[in-house]
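Enquirer: only geometry, no sequence info:
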């Protein structure tokens, strides 16, 4: 498995509804399929970049996907785990919504927002929300059984939604709860997620 690529960015371009970034590492140019969000976060060609990658292998298909941050990579992996959702659909969604917004859609059951992405119909959007919300709940149960309880008011709607969204992004329930603790719920769910991510990034 190729965990990440670090090298010189050669070019970025739009190809057939997805974005391509070519990163040269030790004389080898890797063509990496990516999202609009990741491309927008990259510097101009000629500069050094780092992309977190996922190697997709299916029968006679081998493709490399890369993302500017691990949160977007986590969302991509969760999306392609859903029945009927391939890499192309996953890139389409993550090109239209940020990783934080996607996590919020899953946590709140907002499938309508996902249908705004090209190639995503109502049934697929509903399946994404249902399957990932269910998967997220199971992960929380496993995590909750092995982690010490965290002093945070889970009855507060905004806090609970923010914690759920952070678990979609790949953090454990304990990590998410600790990150959200102390943030004023009046700030709103999206702001709580952003502040929570900043806390989590500071611990890395």
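Expert: Alright, I've got the coordinates. No experiment lies behind these values; they were computed from the predicted model shown.
Enquirer: ranges for the strands of the protein?
Expert: For the chain, the strands defined by DSSP state E cover 4-15, 18-25, 28-34, 48-58, 61-67.
Enquirer: okay if I get these as JSON lines plus mean pLDDT and mean neighbour count?
Expert: From N, CA and C alone the C-beta is placed, and that goes for glycine too. Output for the strands of the chain, formatted as JSON lines (pLDDT from 0 to 100; neighbours: other Cβ atoms under 10 Å):
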{"stretch": "strand 4-15", "mean pLDDT": "93", "mean neighbour count": "14"}
{"stretch": "strand 18-25", "mean pLDDT": "93", "mean neighbour count": "18"}
{"stretch": "strand 28-34", "mean pLDDT": "95", "mean neighbour count": "17"}
{"stretch": "strand 48-58", "mean pLDDT": "94", "mean neighbour count": "16"}
{"stretch": "strand 61-67", "mean pLDDT": "93", "mean neighbour count": "18"}
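Enquirer: dump those strands into JSON lines; add distance to residue 101 as well.
Expert: Conversion of the strands of the chain to JSON lines gives the following (distance: least, Cβ to Cβ, whole Å):
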{"stretch": "strand 4-15", "distance to residue 101": "21"}
{"stretch": "strand 18-25", "distance to residue 101": "18"}
{"stretch": "strand 28-34", "distance to residue 101": "17"}
{"stretch": "strand 48-58", "distance to residue 101": "19"}
{"stretch": "strand 61-67", "distance to residue 101": "15"}
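Enquirer: any regions of this protein where pLDDT drops low?
Expert: The model of the chain has pLDDT under 70 over residues 17, 136-156, 203-204.
Enquirer: tell me which residues touch residue 46, please.
Expert: Listed by Cβ atoms under 8 Å, 6 or more residues apart in numbering, the contact set of residue 46 reads 8, 9.
Enquirer: sorry, wrong one. I was asking about residue 64.
Expert: Contacts of residue 64 (Cβ under 8 Å, 6+ apart): 2, 30, 31, 32, 33, 53, 54, 55, 56.
Enquirer: equivalent analysis for residue 116, please.
Expert: Neighbours of residue 116 in contact, by Cβ under 8 Å, 6+ apart: residue 96.
Enquirer: how far away is it from residue 97?
Expert: 8 Å (Cβ to Cβ, to the nearest Å).
Enquirer: now do residue 168
Expert: 12 Å.
Enquirer: comparing these two, which shows the higher neighbour count?
Expert: Neighbours per residue, other Cβ atoms under 10 Å: of residue 168 and residue 97, the larger number sits with residue 168, 26 against 19.
Enquirer: that one touches residue 100, doesn't it?
Expert: No. Counting by Cβ atoms under 8 Å, residue 100 is not a contact partner of residue 168; they are 9.4 Å apart.
Enquirer: pull the number of nearby residues for residue 160.
Expert: So residue 160, with other Cβ under 10 Å, has 18 neighbours.
Enquirer: from residue 124, how far out is residue 58?
Expert: 18 Å.
Enquirer: I meant residue 89, not that one.
Expert: In terms of Cβ to Cβ, residue 89 sits 7 Å off from residue 124.
Enquirer: got any residues that touch both of those two?
Expert: Contacts common to residue 89 and residue 124, judged by Cβ under 8 Å, 6+ apart, are absent.
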